[in-house]
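K.L.:
what follows is a predicted protein model with its sequence.
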Amino acid sequence: MHKSAKLTLVTALGVTAAMVIAACGAGRTDTGSSSSNSGSSSSQQQGSSSPSGSGESSQTSSETGSGNSGNASAQIAIGTTDKVVSLDPAGSYDNGSLMLEVQLYQFLMIIPAGEAQPTPDAAQSCDFTDNGATYTCKMKPGLKFTNGDPLTAKDVAFSFKRVVDINDANGPASLLANMKSVAAPDDSTVVFTLNNPNDQTWPFVLGTSAGPIVDSKVFPADKLLDDAKVIGSGPYKLDSYSKNQLVSLVPNTGYQGNGGAVQNAGVTLQYYTDASNLKLAVQQGDIDVAWRTLDAQSISDLRKNDKVKVLEGPGGEDRYIVFNLKTMPGDNDAQKLAIRRAIAYSVDRQELATKVFQDLYTPAYSMVPGGFPGHIDAFKDEFGASPNKDAAAKALSDAGVKTPVTLPIQYNPDHYGSASDLQFNEIKRQLEATGLFKVNLQSTEWTQYSKERTKDAYPIYQLGWYPDFPDADNYISPFLVPNNFVQAHYCDADAPVGSRPCDKDGVLPLITTEQTQTGDARIAAIEQIQKISASGVMPTLPLLQGKQIAVTGTNVTGVQDTLDATFLFRFWKIGKNS
């Protein structure tokens, strides 16, 4: 290993501190964890430390923090409305699926609760090598999957290659855009060759939806495995599984990761059809934790209930609109752009935040949330803070667009919470109030919605975003690079290079800069990408930024510890007092 090739991992590590600032629109009731991280204070200064994943891992044998003093023999019941797309990591890139994948699988690197830097999990050490052209990880010895199969570097290489080869429409392949190849020269070594050397985000990527390590003897190389058959090496294993109805997890006694000791005897995850049923279950004590997603009114009501605790974590959740650049209204590209810009001029974000969400969300004027280094309010600079009907009308008129424009807008009523109904009816009201639009509003349940949106079924539609890791890049590259998550034809991998909107906008070189550079050069690239996102082709329109909310019984411990900027909900942190 060439130690000189290690670069400072400049991330939004200030986010843990910066997001408590109310002006950032995020907020946090406390630091999210009392666990210590010797690199945390210095890492908030650019160029001050190397990735904490470098060197040897220090396996945590017990939980730290005052929130983890519960009874480890207790069973925990968690309720959610957030449904699973797939438990096979190659077929899912959504929060509902990742919520269970984090419990079932190990990753090469993870970000421990309350911390901001990735540290080794299944790996013993990870470093940039060959002057940054490669990233090499050494595996912990003796790792096993829950079926007894050994977990080796060959399984790791298989797992990452499989994500790219399957390239499922709902999968996380876009996160691996910088992976040129992956190989396991022996059972204890895995080597990633990078397209762009010294990728400062790569240690983070290893702990995302693209990173779960699967058993090469169980998972097929070219297709997805049925959910009920998945096995991993994480803190838990499946005991029983009824998809999007009821899941039972039991601790994996052979777990050798860096997540810490399991604070309970097992977890049941109950799925609810809507927020009202989820609210009723937690206030009646049928479940110990209500996690994603309660509506604003339910949260307000529960704050007044002395039988439960309402806990808050930092922001970073985005709600936004996607424009399918091929199928949205407009006779040509110029008209389609004019319609997108007219919509941007017409939406009142503050009204959405206040009327629909009782200010649990705040207006978002960039896909990069406030609090991250490099954030700017690009859409406020381009379109103003308040609606501008005259500017919207002029944009349409200049492009020869006849009004009113019929807008087919699709939204999802369950994955992002029942408030989506109110949110998009308010958007419909705002747009139609201008006299420039006629909105045809339709909704679809998430399991169908997640498939149809990638097949050009929805010309204009709702999405939300929960970060894979706390860095501005994770709000940029998944939306703008080839094979991106949104799949709105902004940067199609099979389209001629130079003709794509992403090429015309010139964002790809800037993304390379922000991923591989540090200091002022990185910040300048992040700012310029946001400016282009507002003034260029504009495939997405950011609307709102929100914080995390969990509701628990008064005897439940550990939940606050996992409400951090990673948005990872770690079941093993949760316990109950006797």
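P.N.:
Ah, there it is.
K.L.:
ok, longest strand in the protein?
P.N.:
In the chain, with assignment by DSSP state E, the single longest strand is strand 308-323.
K.L.:
give me the sheet partners of it and which way each runs.
P.N.:
Here strand 308-323 has these sheet partners by DSSP bridges: strand 460-465 (antiparallel), strand 540-553 (antiparallel).
K.L.:
buried sites along the helix ranked longest in the chain?
P.N.:
As assigned by DSSP state H, the longest helix anywhere in the chain is helix 519-535. Within helix 519-535, the residues that count as buried by 16 or more other CB atoms under 10 Å are 522-523, 525-530, 532-534. C-beta here means a position set from N, CA and C on the backbone, and glycine is covered the same way.
K.L.:
which one among those residues gets closest to residue 352?
P.N.:
residue 534 (18.1 Å; CB to CB).
K.L.:
I'd say the closest one and residue 381 touch.
P.N.:
Yes - at 7.0 Å, residue 534 counts as touching residue 381 under the criterion of CB atoms under 8 Å.
K.L.:
and stretch 277-297, how far out from the chain's middle?
P.N.:
22 Å (CA atoms, centre = their mean, to the nearest Å).
K.L.:
same thing with stretch 124-143?
P.N.:
Counting by CA atoms, centre = their mean, stretch 124-143 comes out at 25 Å from the chain centroid.
K.L.:
now do the same end-to-end measure for that stretch.
P.N.:
11 Å (CA to CA, to the nearest Å).
K.L.:
same question for stretch 481-499.
P.N.:
14 Å.
K.L.:
now swap in stretch 203-219 and tell me
P.N.:
Termini of stretch 203-219 sit 24 Å apart (CA to CA).
K.L.:
spell out the residue ranges of the strands in the stretch 401-550 of the chain.
P.N.:
405-411, 437-443, 460-465, 540-553 (DSSP state E, counting those that start in this stretch).
K.L.:
okay, the ones you listed in TSV with mean neighbour count next?
P.N.:
Formatted as TSV, these follow (neighbours: other CB atoms under 10 Å):
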stretch	mean neighbour count
strand 405-411	19
strand 437-443	15
strand 460-465	22
strand 540-553	23
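K.L.:
nearest to residue 216, of those strands?
P.N.:
Counting by CB to CB, and looking across all of these, nearest comes strand 460-465 at 31.1 Å.
K.L.:
from the chain's centroid, how far away is the closest one?
P.N.:
So, by CA atoms, centre = their mean, the centroid of strand 460-465 is 13 Å from its chain's centroid.
K.L.:
quick check: angle from it to strand 405-411?
P.N.:
40 degrees (axes from the mean of the first three to the mean of the last three CA atoms, to 10 degrees).
K.L.:
closest to residue 272 out of the strands of the stretch 401-550 of the chain?
P.N.:
If we rank the strands of the stretch 401-550 of the chain by CB to CB, the stretch that ends up nearest is strand 540-553, at 12.7 Å.
K.L.:
tell me the mean pLDDT for that closest one?
P.N.:
Mean pLDDT, computed over strand 540-553, is 95.
K.L.:
now do stretch 160-168
P.N.:
Rounded mean pLDDT across stretch 160-168 is 97.
K.L.:
wasn't residue 341 part of a helix?
P.N.:
Yes - Residue 341: assigned to a helix according to DSSP: H, G, I helix; E, B strand; the rest coil.
K.L.:
surely it meets residue 536?
P.N.:
No - judged on CB under 8 Å, residue 341 makes no contact with residue 536 at a distance of 10.7 Å.
K.L.:
neighbour count winner among these two?
P.N.:
For residue 341 versus residue 536, neighbours defined as other CB atoms under 10 Å are more numerous around residue 341 (23 against 18).
K.L.:
and residue 517, how many neighbours does it have?
P.N.:
So residue 517, with other CB under 10 Å, has 17 neighbours.
K.L.:
quick one: residues contacting it.
P.N.:
Each residue near residue 517 by CB atoms under 8 Å, 6 or more residues apart in numbering is listed here: 200, 525.
K.L.:
what's the answer for the one 10 residues further on, then?
P.N.:
Residue 527 is in contact with 374, 376, counting by CB under 8 Å, 6+ apart.
K.L.:
what's the pLDDT at residue 72?
P.N.:
79.
K.L.:
host element of the closest residue to it other than its chain neighbours?
P.N.:
Computed as CB to CB, 6 or more residues apart in numbering, the closest residue to residue 72 that is not its neighbour in sequence is residue 263, at 5.4 Å. Here residue 263, judged by DSSP states H and E, is contained in no helix and no strand.
K.L.:
can you count the residues close to residue 263?
P.N.:
26.
K.L.:
how about the strands paired with strand 308-323, which one is nearest residue 291?
P.N.:
strand 540-553 (5.1 Å).
K.L.:
got the angle for that closest one vs helix 519-535?
P.N.:
Using the same axes, to 10 degrees: strand 540-553 against helix 519-535 is 110 degrees.
K.L.:
from residue 338, how far out is residue 323?
P.N.:
For residue 323, the distance to residue 338 equals 12 Å [CB to CB, to the nearest Å].
K.L.:
which of the two has more neighbours?
P.N.:
Taking other CB under 10 Å, residue 323 and residue 338 do not tie; residue 323 has more neighbours (26 against 22).
K.L.:
hmm, back to that, export the strands of the stretch 401-550 of the chain to TSV and append columns for distance to residue 145.
P.N.:
Converted to TSV, these look like this (distance: least, CB to CB, whole Å):
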stretch	distance to residue 145
strand 405-411	39
strand 437-443	40
strand 460-465	31
strand 540-553	30
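K.L.:
those: which one's closest to residue 317?
P.N.:
Going by CB to CB, the one of the strands of the stretch 401-550 of the chain nearest residue 317 is strand 540-553, 4.4 Å.
K.L.:
what is the subsequent helix or strand relative to the closest one?
P.N.:
Heading C-terminal from strand 540-553 (DSSP H and E), you reach strand 556-557.
K.L.:
so what strands line up beside that next one?
P.N.:
strand 575-576 (antiparallel).
K.L.:
off-centre distance for the strand it pairs with?
P.N.:
For strand 575-576, the distance to the chain centre is 27 Å (CA atoms, centre = their mean).
K.L.:
also stretch 345-353?
P.N.:
The answer for stretch 345-353 is 24 Å, by CA atoms, centre = their mean.
K.L.:
now do it, average pLDDT.
P.N.:
Mean predicted lDDT for stretch 345-353 stands at 97.
K.L.:
how far does it stretch from one end to the other?
P.N.:
Start-to-end, stretch 345-353 (CA to CA) is 17 Å.
K.L.:
again, but for stretch 549-569
P.N.:
Stretch 549-569: ends 11 Å apart by CA to CA.
K.L.:
list the buried ones in that stretch?
P.N.:
Quick answer for stretch 549-569 (16+ other CB under 10 Å): 549-553, 556-569.
K.L.:
pLDDT weak spots in the stretch 451-578 of the chain?
P.N.:
Counting by pLDDT under 70, the stretch 451-578 of the chain contains no low-confidence range.
K.L.:
and for the stretch 151-300 of the chain?
P.N.:
In the stretch 151-300 of the chain, no residues with pLDDT under 70.
K.L.:
quick one, strands of it?
P.N.:
179-186, 189-194, 236-242, 246-251, 266-271, 289-291.
K.L.:
neighbouring contacts of the third one?
P.N.:
Translated: strand 236-242. Taking CB under 8 Å, 6+ apart as the rule, strand 236-242 contacts 103-104, 146, 227-228, 230-231, 246-252, 262, 266-267, 571-572.
K.L.:
can you rerun that using 10 Å?
P.N.:
With contact meaning CB atoms under 10 Å, 6 or more residues apart in numbering, strand 236-242 is reached by 84, 87, 100, 102-105, 145-147, 226-232, 246-255, 262, 264, 266-269, 271, 571-572.
K.L.:
partner strands of that strand, parallel or antiparallel?
P.N.:
Using DSSP bridges, the strands paired with strand 236-242 are strand 246-251 (antiparallel).
K.L.:
all good on my end, thank you.
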